[in-house]
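**Student:** Coordinates for the following, if possible.
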Amino acid sequence: MGKRIAVIGDVMLDVYGSGESQRLSPEAPVPIVLNPKTTYHLGGAAHVVKLLSSPDVEIDLYCALGDDDAGRMLQTLLEPLCKIYSTQIPVTSVKTRIQVGGHQICRIDNEVVTDVSSQILGQIIPCQDQYNAIVVSDYAKGTVSKTNALNHQAIFIDPKGAKLEFYSGCFLLKPNVKEFIKLFGFEPELSRAAQIAESLHQNSIEYLLITRSERPAILINKTGEAHEISFEFQEVNDVTGAGDVALAASVLEYINGANIVDAATLGIHRSALSVSHHGTGFANSSVIETTKKKFFSNLNDIARLKESLNEVGRKLVVTNGCFDLLHPGHLNTLKFAKSQGDYLLVLINSDDSVRQIKGENRPINSEDVRAEMLLNTPNVDGIYVFKGDTPAFEISAIIPDVLVKGGDYDPTKIVGYDVVVQNGGKVVVAPYLKGHSTSAIIEKSNKPVNN
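**Tutor:** Now for the predicted structure:
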């Protein structure tokens, strides 16, 4: 039987303007962003809806929208994911991020804080018992300032308020360090678990999950039982939406039968993984799979991979080659290729393909060995072995967001250039590292050693 979740909170439209910059403005020491590509994404509570979305979950969103273009675009983006119960406000919140080379250089916010909390709660309170969980995503824009009027056994809250009593009666409160200090007045440390638990008990809050950036998260219940949740720290590319991922993943696991410790642990792990990629994060297992290193055996799986990546604003990068004996030139190309997007898929020539191109004495390493070596390098996320002389067919089937080739090439002559560019992608030549080649290594190894 499917689950039902109510999401209450501040929705916003996230706008990304992404382009390249090669010079500074003569008017001020700021970069000139050339021909930025604009994309639109769900933000705030709307992002939480997207993270919670799955075939067996029915979602109702209680929010506030303006009668404007941003509000209408949010409705269009949300309609496939949930049923919307909206209250009108003067202006829909919009966050516009300007990016160069995948890095944010500026953010512009358009918003008017309007307190409509009583209207929103008035809509959900009569029907709150219909839901398996109620998720509150508070961004301090006025949609939800207090939740203590709700009465439900599974209320999960990402808070922005300054008083703990605003959230009394909730099941789990998930502040970050800054939000915790606003609520409690001191730094969150495991040594103060008893003091924290006393405050939770006084406000009938069952659990507190504190996210602490690169430090282990802390889960404390109102009886004083505490857990530190460690995780593998990722290189941070973008923290946008990381807290939403932790909350949404925890909710999904909990309503599907996990205990709260396991649910929170999984939420923290997925949140940690999400910051290693640009753009907002992901909570569902179908999307999290796209971040794992993988040997692909069919192109349909790669097509689904690209779709999942693009759904959360990420780019699939493809490069190709024999990669017979790994050397610094290869590693330089792989590092550059990964910098062009989020997931690097390497198409490698099959053993037969290498023999046709390089001769009967090649490859030195079989395709399985070459794939294993590449998957153990830091920048490669996926491998696919192709059988032809070139990967023209595979690139046409995949249509990557970015196609990278190492060497001294005219980009327009690179296999796959036309299909990638015609579909809105780009083709990039990686800087050539002179003095390194597999052929040179083999030639040197065949020379007699002079003692």
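
**Student:** what's the nearest residue to residue 166 once chain neighbours are set aside sitting at in phi/psi?
**Tutor:** Spatially, and ignoring its direct neighbours in sequence, residue 166 is nearest to residue 146 (4.5 Å; CB to CB, 6 or more residues apart in numbering). Any C-beta I mention is one placed from the backbone N, CA and C, and that applies to glycine too. Backbone torsions of residue 146, given as degrees, to the nearest 10, read phi -140, psi 150.

**Student:** pLDDT-wise, which helix or strand of the chain ranks last?
**Tutor:** Confidence across the helices and strands of the chain bottoms out at helix 285-288, with a mean of 47, counting by mean pLDDT, DSSP states H and E.

**Student:** Now the element after it, going C-ward?
**Tutor:** Next in sequence after helix 285-288, counting helices and strands by DSSP states H and E, comes strand 294-296.

**Student:** starting at the chain centroid, how far to that next one?
**Tutor:** When distances are taken as CA atoms, centre = their mean, to the nearest Å, strand 294-296 is centred 20 Å away from the chain's centroid.

**Student:** For that strand, buried residues please.
**Tutor:** 294, 296 (16 or more other CB atoms under 10 Å).

**Student:** The helix or strand just after it packs against which elements?
**Tutor:** Using DSSP H and E, the helix or strand that follows strand 294-296 in sequence is helix 299-311. When contacts are defined as 3 or more CB pairs under 8 Å, 6 or more residues apart in numbering; DSSP states H and E, helix 299-311 packs onto helix 285-288, strand 316-321, strand 343-349, strand 382-386, helix 392-398.

**Student:** Could you check helix 299-311 and say which residues are buried?
**Tutor:** When neighbours are counted by 16+ other CB under 10 Å, the buried residues of helix 299-311 are found to be 302, 305, 306, 308, 309.

**Student:** would you turn those into JSON lines with distance to residue 47 and pLDDT?
**Tutor:** Listed next are the buried residues of helix 299-311 as JSON lines, based on distance: CB to CB, whole Å; pLDDT from 0 to 100:
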{"residue": "302", "distance to residue 47": "26", "pLDDT": "88"}
{"residue": "305", "distance to residue 47": "21", "pLDDT": "85"}
{"residue": "306", "distance to residue 47": "21", "pLDDT": "87"}
{"residue": "308", "distance to residue 47": "16", "pLDDT": "78"}
{"residue": "309", "distance to residue 47": "16", "pLDDT": "81"}
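
**Student:** Please list all residues in contact with the residue nearest to residue 166.
**Tutor:** 117, 161, 166, 167 (CB atoms under 8 Å, 6 or more residues apart in numbering).

**Student:** Filter the residues you listed down to just the ones in helices.
**Tutor:** When the contacts of residue 146 are checked against helices (DSSP state H), the matches are residue 117.

**Student:** Minimum pLDDT in the contacts of residue 146, which residue is that?
**Tutor:** Confidence by pLDDT is poorest for residue 161 among these, given 83.

**Student:** so that one sits right up against residue 167, yeah?
**Tutor:** Yes: the criterion here is CB atoms under 8 Å, and residue 161 meets it with residue 167 at 7.0 Å.

**Student:** Neighbour count: the two, which is higher?
**Tutor:** Higher neighbour count among residue 161 and residue 167: residue 167, with 25 against 19, using other CB atoms under 10 Å.

**Student:** I'd assumed residue 203 was in contact with the more buried one.
**Tutor:** Yes: here residue 167 reaches residue 203: they are 7.1 Å apart, a contact under CB under 8 Å.

**Student:** Reduced to three states, what does the nearest residue to residue 223 once chain neighbours are set aside come out as?
**Tutor:** In space, and not counting its chain neighbours, residue 223 is closest to residue 197: 6.4 Å by CB to CB, 6+ apart. Under DSSP: H, G, I helix; E, B strand; the rest coil, residue 197 falls in the helix class.

**Student:** where does residue 197 land on pLDDT?
**Tutor:** 96.

**Student:** That one: neighbour count?
**Tutor:** 19.

**Student:** so it makes contact with residue 224?
**Tutor:** Yes: if you go by CB under 8 Å, residue 197 and residue 224 touch, sitting 4.0 Å apart.

**Student:** Which strand residues bridge residue 108?
**Tutor:** residue 96 (DSSP bridges).

**Student:** Number of residues surrounding it?
**Tutor:** For residue 108, using other CB under 10 Å, the count is 11.

**Student:** wait, what's in contact with it?
**Tutor:** Taking CB under 8 Å, 6+ apart, one finds 95, 96, 98 in contact with residue 108.

**Student:** Relative to residue 16, how far out is it?
**Tutor:** Relative to residue 16, residue 108 is positioned 12 Å away (CB to CB, to the nearest Å).

**Student:** quick one: common contacting residues for those two?
**Tutor:** Joint contacts of residue 108 and residue 16 (CB under 8 Å, 6+ apart) are residue 96.

**Student:** Stretch 68-77: which residues count as buried?
**Tutor:** Quick answer for stretch 68-77 (16+ other CB under 10 Å): 68, 70, 71, 73, 74, 77.

**Student:** Might you specify the subset of the residues you listed located within helices?
**Tutor:** 70, 71, 73, 74, 77.

**Student:** Could I get these in JSON lines, plus columns for pLDDT?
**Tutor:** Converted to JSON lines, those look like this (pLDDT from 0 to 100):
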{"residue": "70", "pLDDT": "94"}
{"residue": "71", "pLDDT": "95"}
{"residue": "73", "pLDDT": "93"}
{"residue": "74", "pLDDT": "94"}
{"residue": "77", "pLDDT": "91"}
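
**Student:** Look up phi and psi at the closest residue to residue 20 other than its chain neighbours.
**Tutor:** Nearest non-adjacent residue to residue 20, counting by CB to CB, 6+ apart: residue 34, 5.5 Å away. The phi and psi torsions at residue 34 (degrees, to the nearest 10) take the values phi -90, psi 130.
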